[in-house]
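In: need a 3D model of the following:
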Amino acid sequence: MISLVPGANASVASAQVIVTVSYKPLSGADIDISAFVLAADGKVRGDQDMCFFGQKEVCGGAVQITDTASGRSTFTLDLSRLEAAVDRVALTATVHENKASFSSVSQLSVALSSGVEAVIPTTGMVETALILGEFYRRQGAWKFRCVAQGFSGGLEPLAKHFGVEVASPAAEPVVAPTQAPAPVVPPAQSTVSLRKITLDKTRSTISLEKPGAGFGEIKVNLNWNKASTGKRGFFGSLKNDAIDLDVGCLYELQDGKKGAVQALGNSFGNLQGEPFIQLMGDDRSGSVSDGEWLHINGKQWQQMKQILVFAFIYDGAPNWKETDGIVTIHIPGQPPIEVKLNEEGGRYGMCAIALLENDNGAVKVSRRVDFHKGHSDMDRAYHWGMRWAAGSK
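Out: Below you'll find the model as predicted:
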């Protein structure tokens, strides 16, 4: 193992590299790991050069995030596939919403599959964003350097350092209470929102205006800690190491049709026809690193009235805090919206997570995170009015 200190570098033995960024998680603050593909001037060429939670694959898959979990993010890089115009790939870490500085992170490191490791010294760091390290070209070959450069202002100065103009919170696409003329936005090298919107008890609702081209394909992701902790209760009761947590939804169309999309009963839905919602598979083994996905045909949003996204524990006694479950709603052109399932306990196996409503053409997203004994109890609580029978998958 080659250990690097800040400023030190090492040769990269293979063009195919797996990079693992490991850190000690913070209580009450998320850490986001990203990669920026840079030209010779140290700037991105456009939005397509940023690999982050809202865009997990860039450069035709030559740089991609392949796994994320509490305390770890993994990237795969194929340096041989990068264009000649690409001079560097920088790896970064930011504390979401500047809720803590990196001095609170007791362990932070970057490990390459080739046997190179960079341990980032965080003692006394007041910064909330860091360039951890970078791959760079040197005389026709690739090398890796430990950088450990901090930015006190967090994400925004870090992004601007790479030539990215970060959309301010005021510029996020929230429905305005009154009509106003659209502001004139000057051209910029790159304008993109790298911000996540977290719905919690302090901010439980957001409305997103329908763009002129429509919403496109809305993707709802459920990800969770799939490994057994060895504790009693929910995880201890499982017969294997995988956790079977399922995502689904109740839907109501504008014409009054109602139903459910879920793996239970093999009701996987249809993206192109009614209900214009589809569950993209059912991960029972825990082998799919990015969890389960519901896709919603946003081009047909005018046909929809409301969608209640839920998750349920298919086996074992519920322990939602230990699932580390997160639902993230991805709408093209909008910042990701996330709702965490482990903020509250909940002693029932069914969790209503978020309600998506058609609000005069806008998508109104409301955090719920309330718990129910099962489908019929949740149905009654939300006045859906459907009949339920026992099912299996």
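In: can you give me the domain assignment for the protein?
Out: Split into domains by automatic domain parsing, the chain comes to 2-165, 196-381.
In: end to end on the longest one, go ahead and measure it.
Out: It refers to domain 196-381. Taking Cα to Cα, to the nearest Å, the first and last residues of domain 196-381 lie 29 Å apart.
In: quick one, helices of the stretch 201-350 of the chain?
Out: In the stretch 201-350 of the chain, the helices defined using DSSP state H, counting those that start in this stretch lie at 234-237, 320-323.
In: thought Ile131 was touching Thr94?
Out: No: counting by Cβ atoms under 8 Å, Thr94 is not a contact partner of Ile131; they are 10.3 Å apart. Backbone N, C-alpha and C define where each C-beta goes, glycine included.
In: what sits in contact with each of those two?
Out: Leu158 (Cβ atoms under 8 Å, 6 or more residues apart in numbering).
In: more crowded one of those two?
Out: Using other Cβ atoms under 10 Å, the more surrounded residue of Ile131 and Thr94 is Thr94, with 24 against 21.
In: so where is the protein shaky, pLDDT-wise?
Out: 166-195, 212, 225-243, 282-289, 314-318, 343-346, 391-393 (pLDDT under 70).
In: give me the most central residue, it.
Out: Residue closest to the average C-alpha location in the chain (Cα atoms, centre = their mean): Phe53, at 4.7 Å.
In: distance of that residue from Leu271?
Out: To Leu271, Phe53 is 23 Å away according to Cβ to Cβ, to the nearest Å.
In: how about Thr128?
Out: Counting by Cβ to Cβ, the gap from Thr128 to Leu271 is 39 Å.
In: looking at those two, which is more packed in?
Out: It is Thr128, of Thr128 and Leu271, that has more neighbours when counted by other Cβ under 10 Å, with 26 against 16.
In: from Phe53, how far out is that one?
Out: Distance from Thr128 to Phe53, counting by Cβ to Cβ: 17 Å.
In: circling back: show me what contacts the residue nearest to the centre of the chain?
Out: 32, 34, 65, 68, 196, 328, 336 are the contacts of Phe53 under Cβ under 8 Å, 6+ apart.
In: in strands only, show me those.
Out: 32, 34, 65, 68, 328 (DSSP state E).
In: which one of those sits in the busiest neighbourhood?
Out: Most neighbours among these, by other Cβ under 10 Å: Ser34, with 26 neighbours.
In: how far away is it from Thr74?
Out: Distance, Ser34 to Thr74, using Cβ to Cβ: 13 Å.
In: would you mind measuring the gap between the ends of stretch 113-121?
Out: Counting by Cα to Cα, you get 21 Å between the two ends of stretch 113-121.
In: and stretch 29-43, by the same measure?
Out: 28 Å.
In: what's the answer for stretch 2-13, then?
Out: End-to-end for stretch 2-13, by Cα to Cα: 12 Å.
In: next one: stretch 122-140
Out: Using Cα to Cα, the two ends of stretch 122-140 sit 33 Å apart.
In: do the same with stretch 28-47
Out: 29 Å.
In: separation between the residue nearest to Ile313 when sequence neighbours are not counted and Gly325?
Out: In this structure, Ile313 finds its nearest non-sequential neighbour in Gly349, 4.5 Å apart by Cβ to Cβ, 6 or more residues apart in numbering. Gly349 sits 13 Å away from Gly325, going by Cβ to Cβ.
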